[in-house]
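Peer 1: With the input below, show me the fold.
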Amino acid sequence: MGSALVIRRPDDWHLHLRDGAELRAVLPFSVARFARAIVMPNLRPPVTTTAAALAYRARILAALPAATQFEPLMTLYLTDHTPVEEIARARAAGGILGCKLYPAGATTHAAEGVSDVRHIDAVLARMAEAGLVLEVHGEVTDPDVDAFDREARFIDSVLAPLSERHPQLRIVLEHISTRAALEFVLSARDGIAATVTPQHLLLNRNALFAGGLRPHHYCLPLLKAEADRAALLAAVARGSPRLFLGTDSAPHARADKESGCGCAGIFSAHAGIELYAEAFALAGALERLEAFASFHGPDFYGLPRNRDTLTLLPEAWEVPAHYAFGAGELVPLRAGERIGWRLA
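Peer 2: This next block holds a predicted model:
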């Protein structure tokens with residue numbers, strides 16, 4: 001058995017918490033592991049205003065387990081009609097760190113997203129002035145583009161031109177899944193970074209079909225080829241400060257996943273740091289995990305690093321087949337299987 005791994009307490013820079021009873025069901029998993037999290041705004045209805053974001057933040061804080069500390073960092077959901085004035089309100093409010101760009105229809109609850117980024121150029125310019133970060137779901141929605149090529153096409157046709165038009169805008173390309181996205185981020189101008197999920201480090205697209213169709217491995221962007229997974233793992237193992245932790249943990253009820261048109265999203269918050277420890281151990285780079293999980297994100301967002309620590313033990317545990325989730329069940333990543341690290 002190896003030694004315990006002690007790291008500065010990490011943060012999750014891409015997290016879905018839902019709302020109501022579902023929020024109360026999943027929030028404790030993240031609170032046990034992370035000090036802060038960027039909370040996604042794709043509720044129904046989406047969180048498009050400062051007032052809505054602050055109200056959502058209050059609901060999250062009210063749902064915290066007793067005697068725990070956790071800071072939700074809020075975001076606004078951009079639409080074709082986001083007023084420029086909303087950016088000033090968000091900046092003045094405090095606790096809102098960025099705005100989320102969902103191409104309309106790109107993923108779950110993205111129907112009200114942006115149809116053409118040119119529609120929001122004035123908003124992006126104001127964000128750059130205010131210091132708010134643009135968090136991007138980077139996929140085109142053109143049905144003529146192969147589903148596995150949508151991230152690379154988005155970078156070429158949307159993100160690269162956008163970053164040139166707004167050279168002072170800080171941008172996070174979220175949940176990168178391809179070597180093309182990795183190469184863009186690592187060679188881009190200053191102020192561009194990316195989050196990487198545990199599933200895109202540990203799984204390739206074969207996992208979608210292992211022993212039959214596996215709906216709980218369906219996420220967007222899709223799992224990609226083994227060469228893409230290997231490139232992402234090698235890159236985080238090298239320790240680039242442009243890459244940091246963002247689980248994209250996205251809970252959906254079993255009935256919504258195991259259906260004729262299942263929802264995209266993988267729930268990983270139950271092991272939101274342990275799965276990364278597995279990945280870094282696989283790469284022979286456990287000494288790089290702390291910077292990826294605890295330093296690069298706050299440094300990019302201009303926040304202080306956390307002071308307290310978290311301890312991981314190299315001891316395997318079996319993931320439950322499901323967790324309670326409001327009125328339904330939630331099937332986690334690695335359900336019924338083992339994970340090689342656990343919280344002390």
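Peer 1: how about the strands of the stretch 201-344 of the chain, start to end?
Peer 2: Remark: strands assigned in the stretch 201-344 of the chain by DSSP state E, counting those that start in this stretch are 243-245, 309-313, 317-318, 323-325, 328-330, 338-339, 342-343.
Peer 1: Mind putting those into CSV with mean neighbour count and distance to Ala180?
Peer 2: For every residue, glycine as well, the C-beta is placed using N, CA and C. Below are the strands of the stretch 201-344 of the chain laid out as CSV (neighbours: other C-beta atoms under 10 Å; distance: least, C-beta to C-beta, whole Å):
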stretch, mean neighbour count, distance to Ala180
strand 243-245, 25, 15
strand 309-313, 17, 32
strand 317-318, 12, 36
strand 323-325, 17, 35
strand 328-330, 18, 32
strand 338-339, 14, 30
strand 342-343, 14, 35
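Peer 1: among those, which is nearest Glu151?
Peer 2: strand 243-245 (15.4 Å; C-beta to C-beta).
Peer 1: Which strands border that closest one, and is each parallel or antiparallel?
Peer 2: strand 192-196 (parallel) (DSSP bridges).
Peer 1: So what touches the partner strand?
Peer 2: 13-14, 163, 170-176, 181-182, 185, 232, 236, 241-246, 248, 296-297, 300 (C-beta atoms under 8 Å, 6 or more residues apart in numbering).
Peer 1: now swap in stretch 211-230 and tell me
Peer 2: Against stretch 211-230 from outside (C-beta under 8 Å, 6+ apart): 106-108, 137-139, 147-148, 150-151, 175, 177-179, 197, 199-208, 210, 248, 250, 257-258, 262, 264-267, 331, 333, 335.
Peer 1: Between the two ends of it, how far is it?
Peer 2: 23 Å (C-alpha to C-alpha, to the nearest Å).
Peer 1: which parts of it are buried?
Peer 2: For stretch 211-230, burial by neighbour count (16 or more other C-beta atoms under 10 Å) applies to Pro215, His216, His217, Tyr218, Cys219, Leu220, Pro221, Leu222, Leu223, Lys224, Asp228, Arg229.
Peer 1: from the residues you listed, which ones fall inside helices?
Peer 2: Counted as lying in helices by DSSP state H, out of the buried residues of stretch 211-230, are Asp228, Arg229.
Peer 1: Most widely separated two among the buried residues of stretch 211-230?
Peer 2: Pro215 and Asp228 (21.2 Å).
Peer 1: Determine which of the strands of the stretch 201-344 of the chain approaches Val114 most closely.
Peer 2: Judging the strands of the stretch 201-344 of the chain by C-beta to C-beta, what sits closest to Val114 is strand 243-245, at 24.3 Å.
Peer 1: Could you pull out the helices in the protein for me?
Peer 2: Under the criterion DSSP H, helices of the chain are mapped to 20-31, 50-62, 85-93, 121-130, 150-154, 160-165, 179-187, 198-202, 226-238, 254-257, 274-282, 289-290, 296-301.
Peer 1: I'd like these as a markdown table, with distance to Glu112 appended.
Peer 2: Conversion of those to a markdown table gives the following (distance: least, C-beta to C-beta, whole Å):
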| stretch | distance to Glu112 |
| --- | --- |
| helix 20-31 | 20 |
| helix 50-62 | 13 |
| helix 85-93 | 15 |
| helix 121-130 | 15 |
| helix 150-154 | 19 |
| helix 160-165 | 20 |
| helix 179-187 | 25 |
| helix 198-202 | 26 |
| helix 226-238 | 30 |
| helix 254-257 | 19 |
| helix 274-282 | 31 |
| helix 289-290 | 37 |
| helix 296-301 | 26 |
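Peer 1: Which one, of the ones you listed, ends up nearest to Leu312?
Peer 2: The nearest among the helices of the chain, by C-beta to C-beta, is helix 274-282 at 5.3 Å.
Peer 1: Can you turn the buried part of the contacts of strand 192-196 into a ChimeraX selection?
Peer 2: In ChimeraX, this line selects whichever of these come out buried by 16+ other C-beta under 10 Å:
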select :13,14,163,170,171,172,173,174,175,176,181,182,185,232,236,242,243,244,245,246,248,296,297,300
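Peer 1: wait, what's in contact with Ile266?
Peer 2: Thr197, Gln199, His216, His217, Tyr218, Cys219, Asp248, Ser249, Ala250, Leu333.
Peer 1: My error: substitute Ile87 in the last question.
Peer 2: Residues near Ile87 by C-beta under 8 Å, 6+ apart: Cys99, Val123, Arg126, Met127, Ala130, Leu132.
Peer 1: Measure how buried the spatially closest residue to it that is not a sequence neighbour is and give me the count.
Peer 2: The shortest distance from Ile87 to any residue that is not its chain neighbour, by C-beta to C-beta, 6 or more residues apart in numbering, is 4.3 Å, and that residue is Arg126. For Arg126, the neighbour count with other C-beta atoms under 10 Å is 21.
Peer 1: pretty sure Arg126 is touching Arg89, no?
Peer 2: No - assessed by C-beta atoms under 8 Å, Arg126 is found out of contact with Arg89, at 10.9 Å.
Peer 1: For His321, the count of nearby residues, please.
Peer 2: Careful, residue 321 is Ala and not His. 11.
Peer 1: again with Ala55
Peer 2: 12.
Peer 1: Which pLDDT value belongs to it?
Peer 2: Model confidence at Ala55, given as pLDDT, is 98.
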